[in-house]
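Novice: pasting the sequence and the predicted coordinates here, then a few questions.
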Amino acid sequence: MSFINKLLNIIILCAYLNRGFTEGAQERESGKVEYYTIQLSSLSPSSSCVHSSKEYDTKSSLRVVHKHGACSPFRSSESVKLDHADILRRDQARVNSIHSKLTNNLEDQLTQTNNRGIPVKEESKSKDEMGSGSYIATIGIGTPKHNQPLLLDTGSDLTWTKCRQCGRYTSTTCDSKNKLIFNPSSSTSFNIVSSTSPVCSDFRSTDIHRDCSVTRCCYRIDYNDNSSSNGYLAEDKFTIKSADVFTGIFGCSEHDVKINEKTAGVLSLSRHVLSFPSQTANKYNNVFSYCFPSSDRIGYLTFGSTGISKSVKFTPIITLPNMPYLYGLDIVGISVGGTELEIPSTVLNTGAIIDSGTVITRLPPKAYASLRSAFKENMKNYKTTSAVELFDTCYDPKGFDTMSVPKVSFSFGGSTTVELGLNGILYPLNASHVCLAFAGNVNDGDVAIFGSVQQMTLQVVYDRAGGRIGFAQNGCS
């Protein structure tokens with residue numbers, strides 16, 4: 001071989017090696033890692049509340065906490081213990097309710113039992129489900145303000161709170177021990193909405209039954225867990241911060257049956273005209289955002305565009321025919337460990353919604369099967385264990401100090417890819433059970449639901465004026 005040929009081979013070899021080192025360096029510099037490595041001790045809920053730097057960013061922000069977590073106003077001094085079985089059963093009831101309304105086919109499902117053996121009560125199929133919502137924010141109502149902890153719900157059309165007419169002008173004695181009950185008599189700015197008012201006569205909702213008396217605009221909401229809220233529409237001052245007060249319409253619930261003791265009611269975040277964002281659209285430019293924290297931390301709900309991350313990625317809001325007040329999404333793909341799953345587009349075209357009141361994301365059966373298969377392949381070094389409630393893919397981590405978990409990403413319409421946080425992939429039930437935090441729908445045609453666990457630690461932005469929803473990483477910190 002001539003000297004020139006040898007020299008050329010050396011140059012080619014050097015160029016090849018240099019390319020390999022460059023690509024490796026670029027991969028390391030990009031920080032693209034396809035697995036999360038976690039300390040298993042970190043999966044246990046903490047009894048101490050960790051504050052976030054973002055929780056009081058703006059005058060239009062409310063603190064958001066997990067209702068069972070260390071930062072909840074209802075927490076005890078004991079360590080946090082969640083009744084996961086009850087949470088998951090309530091979650092399935094809410095999903096059944098949503099699917100019933102979206103398919104508009106209640107009769108076929110009246111006696112159904114889902115494919116995981118969870119019974120569906122016959123009398124509750126046409127009802128809503130409030131009990132599974134996880135996150136609460138405290139807002140002031142009245143003058144002077146009375147702080148009310150309300151469940152955040154993008155699927156509810158009406159903000160309402162527990163009310164009792166007592167004290168002044170009535171013969172009913174006030175119960176000072178129950179801080180969750182708002183007393184209209186104590187508010188100088190409180191007004192009842194008349195049954196003849198335009199608000200009452202034009203009120204339309206798939207969830208709320210109008211039941212107007214001669215003078216008041218009354219409503220009734222029945223929930224899937226056999227709880228209910230019955231009352232009347234009222235108008236009063238809402239206080240987000242002392243410098244941020246506005247007048248809004250809400251439900252004053254006089255007869256609330258079996259409503260969770262860890263909430264005073266619901267803060268509606270839907271697209272309905274009476275939802276909180278709709279009533280404040282002019283003030284906050286029809287934009288709001290939130291971050292749902294882990295159970296030992298504090299997140300936020302912010303009205304307006306202040307504090308929105310520069311890295312937020314947007315996807316169009318889709319309108320669903322049978323429930324136009326929900327926020328629809330277009331899921332076009334899912335990746336596990338950096339590899340896109342081979343899911344036919346026909347499987348995902350059933351539609352999807354994002355819902356703060358649903359805990360666990362539901363996927364079309366074939367899409368879930370593909371996700372589960374890829375996840376199990378990446379987790380084959382760990383011992384599997386028995387299924388629990390919704391979860392059919394669980395692991396026993398005993399004997400390990402750390403665990404490597406494949407990352408999961410969702411691709412939405414508009415070329416938007418969202419990488420889920422670790423909390424959105426693994427659901428820790430106890431020391432011997434950590435499970436894949438997804439479930440499959442019962443029927444192929446059921447709409448997919450992007451739940452609150454998968455939204456955890458993301459900043460989720462609802463730009464209603466622009467018809468889009470955005471996502472950004474590390475939303476709570």
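Specialist: Great, that's in hand. Numbers count the residues shown, from 1 in each chain.
Novice: you'd agree N282 is in a helix?
Specialist: Yes: under DSSP: H, G, I helix; E, B strand; the rest coil, N282 sits within a helix.
Novice: for it, give its distance to A369.
Specialist: In this view, N282 and A369 are 46 Å apart by Cβ to Cβ, to the nearest Å. (Glycine included, C-beta is placed from N, CA and C.)
Novice: looking at these two, which is more packed in?
Specialist: Neighbour totals were compared for N282 and A369, and A369 leads with 15 against 8 (other Cβ atoms under 10 Å).
Novice: how about residues contacting the helix or strand hosting the more buried one?
Specialist: A369 is part of helix 365-378, with elements assigned from DSSP states H and E. With contact meaning Cβ atoms under 8 Å, 6 or more residues apart in numbering, helix 365-378 is reached by 35, 334, 336-337, 339, 341-344, 347-348, 362-363, 384, 392-393, 406, 408, 436, 438-444, 448.
Novice: run through the bridge partners of H66.
Specialist: Y135 (DSSP bridges).
Novice: per-residue confidence for it?
Specialist: On pLDDT, H66 comes in at 91.
Novice: ends of stretch 287-299, what's the gap?
Specialist: 17 Å (Cα to Cα, to the nearest Å).
Novice: now do it: distance to the chain's middle.
Specialist: Stretch 287-299 has its C-alpha centroid displaced from the chain centroid by 10 Å (Cα atoms, centre = their mean, to the nearest Å).
Novice: mean confidence for it?
Specialist: Mean pLDDT, stretch 287-299: 94.
Novice: then stretch 344-352?
Specialist: 93.
Novice: give me the buried positions along it.
Specialist: V347, L348, T350, G351, A352 (16 or more other Cβ atoms under 10 Å).
Novice: sort out for me which of the residues you listed are in strands.
Specialist: A352 (DSSP state E).
Novice: quick one: the helices in the stretch 251-400 of the chain, in order.
Specialist: Along the stretch 251-400 of the chain, counting by DSSP state H, counting those that start in this stretch, helices occupy 276-279, 281-284, 345-348, 365-378.
Novice: export those to TSV and append columns for distance to Y290.
Specialist: TSV is the format used below for the helices of the stretch 251-400 of the chain (distance: least, Cβ to Cβ, whole Å):
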stretch	distance to Y290
helix 276-279	11
helix 281-284	13
helix 345-348	26
helix 365-378	25
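Novice: for those helices, which one sits closest to L82?
Specialist: For those, proximity to L82 was assessed by Cβ to Cβ; helix 365-378 is nearest, at 23.1 Å.
Novice: gap between that closest one and the chain center?
Specialist: 23 Å.
Novice: equivalent analysis for stretch 435-443, please.
Specialist: Relative to the centre of its chain, stretch 435-443 is centred 16 Å away, using Cα atoms, centre = their mean.
Novice: mean confidence score for that stretch?
Specialist: 96.
Novice: ok, residues contacting that stretch?
Specialist: Contacts for stretch 435-443 (Cβ under 8 Å, 6+ apart): 95, 99, 112, 114-116, 360-365, 367-369, 371-372, 375, 388, 390-395, 423-429, 447-448, 453-454.
Novice: go ahead and confirm T402 touches Y36.
Specialist: No: under the criterion of Cβ atoms under 8 Å, T402 makes no contact with Y36, lying 10.1 Å away.
Novice: who's more crowded, these two?
Specialist: Y36 (16 against 12).
Novice: can you tell me the element the more buried one falls in?
Specialist: strand 35-39.
Novice: strand partners of that strand, parallel vs antiparallel please.
Specialist: If you go by DSSP bridges, strand 35-39 pairs up with strand 402-406 (antiparallel).
Novice: can I get the partner strand in PDB, CA atoms only?
Specialist: Backbone C-alpha positions of strand 402-406 (Å, rounded to 0.1, in the frame of the first residue of the first chain) are rendered in PDB as follows:
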ATOM      1  CA  THR A 402     -32.900   2.600  43.200                       C
ATOM      2  CA  MET A 403     -35.100   1.900  40.200                       C
ATOM      3  CA  SER A 404     -34.600   2.800  36.600                       C
ATOM      4  CA  VAL A 405     -37.900   3.800  35.000                       C
ATOM      5  CA  PRO A 406     -38.300   4.400  31.200                       C
END
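Novice: what's the next secondary structure element after that strand?
Specialist: Later in the chain than strand 402-406, the nearest helix or strand by DSSP H and E is strand 408-412.
Novice: now the helix or strand following that next one: buried residues?
Specialist: Of the helices and strands lying after strand 408-412 in sequence (DSSP H and E), the nearest is strand 416-419. Applying a neighbour-count criterion of 16+ other Cβ under 10 Å, one finds T416, V418 buried in strand 416-419.
Novice: helices or strands up against strand 416-419?
Specialist: Under the contact criterion of 3 or more Cβ pairs under 8 Å, 6 or more residues apart in numbering; DSSP states H and E, strand 416-419 touches strand 313-316, strand 408-412.
Novice: any chance of those in a markdown table, plus distance to D83?
Specialist: Listed next are the helices and strands packed on strand 416-419 as a markdown table, based on distance: least, Cβ to Cβ, whole Å:
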| stretch | distance to D83 |
| --- | --- |
| strand 313-316 | 34 |
| strand 408-412 | 26 |
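Novice: ok, and which of those has the densest surroundings?
Specialist: A comparison of these by mean neighbour count, using mean count of other Cβ atoms under 10 Å, puts strand 408-412 on top with a mean of 22.
Novice: contact partners of it?
Specialist: 315, 329-336, 340, 371, 375, 417-420, 424-425, 450, 454.
Novice: quickly run through the sheet partners of it, with directions.
Specialist: In its sheet, and by DSSP bridges, strand 408-412 pairs with strand 331-336 (antiparallel), strand 416-419 (antiparallel).
Novice: what sits against the residue nearest in space to the middle of the chain?
Specialist: By Cα atoms, centre = their mean, the chain has its centre lying nearest to S356, at 2.4 Å. Listed by Cβ under 8 Å, 6+ apart, the contact set of S356 reads G133, Y135, L152, D153, T154, G155, L269, Y290, F292, S452, Q455.
Novice: ok, 10 Å please
Specialist: 64, 133-135, 151-156, 267, 269-270, 290, 292, 301, 327, 450-452, 455, 460 (Cβ atoms under 10 Å, 6 or more residues apart in numbering).
Novice: what about the residues you listed, which are in strands?
Specialist: Taking DSSP E as the definition of strands, those contribute V64, Y135, L151, L152, D153, L267, Y290, L301, Y327, F450, V460.
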